[in-house]
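**Student:** missing the sequence, but the structure's below:
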């Protein structure tokens, strides 16, 4: 119940405060969101499998976001940022859909 309340408070705060992201960080936001979604789907899959631990989730969440941002940053520095962004999205997308399939099998037994 506490996570749901925190999520609702965060959404309300975001709508009321309307935070802005500096232009320099804008290319990294979509990558960070996809990396965070990968960690969340992985955590839900682990929860359904009975192997979830909060420490693993936090480390996975933070490391996914930082590694994905680092890959895109390096790509920007060498002039291939959009190609590496696409690669990160494809790899994390595959992981998200793999986890989604496992979640579907666990919930629907199909």
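**Tutor:** Nice, thanks for sending it over. Computed from a predicted structure; not experimentally measured. Numbers count the residues shown, from 1 in each chain.
**Student:** Residue 69 and residue 19: what is the separation?
**Tutor:** To residue 19, residue 69 is 18 Å away according to C-beta to C-beta, to the nearest Å. C-beta: built from backbone N, CA, C; applies to glycine.
**Student:** Neighbour count: these two, which is higher?
**Tutor:** Legend: neighbour count by other C-beta atoms under 10 Å for residue 69 and residue 19, higher for residue 69 (18 against 7).
**Student:** mind checking pLDDT for the most centrally placed residue in the chain?
**Tutor:** Computing the C-alpha centroid of the chain and ranking residues by C-alpha atoms, centre = their mean puts residue 36 first, at 1.4 Å. You'll see residue 36 listed with a pLDDT of 90.
**Student:** helices or strands next to the helix or strand hosting it in the packing?
**Tutor:** Using DSSP states H and E, residue 36 sits within helix 29-49. Packing contacts for helix 29-49, counted by 3 or more C-beta pairs under 8 Å, 6 or more residues apart in numbering; DSSP states H and E, involve helix 54-78, helix 81-108.
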